[in-house]
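Sequence first, predicted coordinates after that:
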Amino acid sequence: MAYKIAIIVGSLREGSLNRKVARSICGIHGDDLDCAMVEIGDLPLYNQDLDGNPPEQWVRFREKVAAADGVLFVSPEYNRGIPGVLKNAIDVGSRPYGQSAFDKKPAAIVTVSPGSIGGFGANHQIRQAAVFLNMPVMQQPEAYLGHVTDDSFDASNCLKEGPLKDLVTNLAHAFRNWVDMIHTSRRLIAEDAAHVAARNQQEHV
Ligand SMILES: Cc1cc2nc3c(=O)[nH]c(=O)nc-3n(C[C@H](O)[C@H](O)[C@H](O)COP(=O)(O)O)c2cc1C
């Protein structure tokens, strides 16, 4: 079965390295992961006063995230932290209180930078938000992709063969298995609980 993955890219730049890496991850996984980019550039800034009558862009964004089986964050680091546009999307998706679209969704976090630290700061700030959002985040492999430049991609904007592509391929497989493990274990636990409930009911007849 193909799992539906919402990919949220933290860069609005047309030639974004992060977007190219996100597309490469989708390409690597083909039929196993049904990936769709969920755009965040049109989301009005989060304002709690609007929760009663939310802008249609917020509603659309929340619906797309809620419909996914998992979420993949692919983001640059801005000034050692989460780009504002991504933090806004996280805030929009997390509200109204108690109705977060992110709740319980398995997630992975990839940060991409031409710099050597590979967006470590942003990666862990997203991780910090994911803890509060109750998202089981894949722990390994960690993905701080440094030294990524336009030259890392071929003319079709796919990652060139080499260690970076190997790492991203490994990550894509691990994420597929992570999403599968979370959903399979939840289904088995629910089946087990239903089985126990049915048996208890029979014993009381
Ligand atoms: C406002 C701003 C702040 C940045 N801060 C960082 C930073 O803290 N760490 C880093 O590795 N790169 C930083 N960069 C460089 C980005 O990693 C680089 O521009 C990257 O290409 C952005 O990702 P994108 O190609 O997906 O748009 C920053 C870039 C901008 C525009």
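Arrived safely. All figures in this text were calculated on a predicted structure; none of them were measured in a lab. Residues are numbered from 1 along each chain as shown.

contacts, neighbours, all on C-alpha from now
Fine.

Just the CA coordinates for the lowest-mean-pLDDT helix or strand in the chain, please, in PDB.
Counting by mean pLDDT, DSSP states H and E, the chain has its least confident helix or strand at helix 17-29, which shows a mean of 90. Extracted C-alpha coordinates of helix 17-29, given in PDB (Å, rounded to 0.1, in the frame of the first residue of the first chain):
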ATOM      1  CA  LEU A  17      17.800  23.200  -3.000                       C
ATOM      2  CA  ASN A  18      15.400  21.900  -0.400                       C
ATOM      3  CA  ARG A  19      12.600  21.500  -2.900                       C
ATOM      4  CA  LYS A  20      14.900  19.600  -5.300                       C
ATOM      5  CA  VAL A  21      15.900  17.300  -2.500                       C
ATOM      6  CA  ALA A  22      12.200  16.800  -1.600                       C
ATOM      7  CA  ARG A  23      11.400  15.900  -5.200                       C
ATOM      8  CA  SER A  24      14.300  13.500  -5.300                       C
ATOM      9  CA  ILE A  25      13.000  11.700  -2.200                       C
ATOM     10  CA  CYS A  26       9.600  11.300  -4.000                       C
ATOM     11  CA  GLY A  27      11.300  10.100  -7.100                       C
ATOM     12  CA  ILE A  28      13.400   7.500  -5.200                       C
ATOM     13  CA  HIS A  29      10.300   6.000  -3.600                       C
END
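
next helix or strand past it?
strand 33-37 (DSSP states H and E).

for that following strand, the distance to its chain's centre please.
What separates the centre of strand 33-37 from the centre of its chain is 10 Å, taken as C-alpha atoms, centre = their mean, to the nearest Å.
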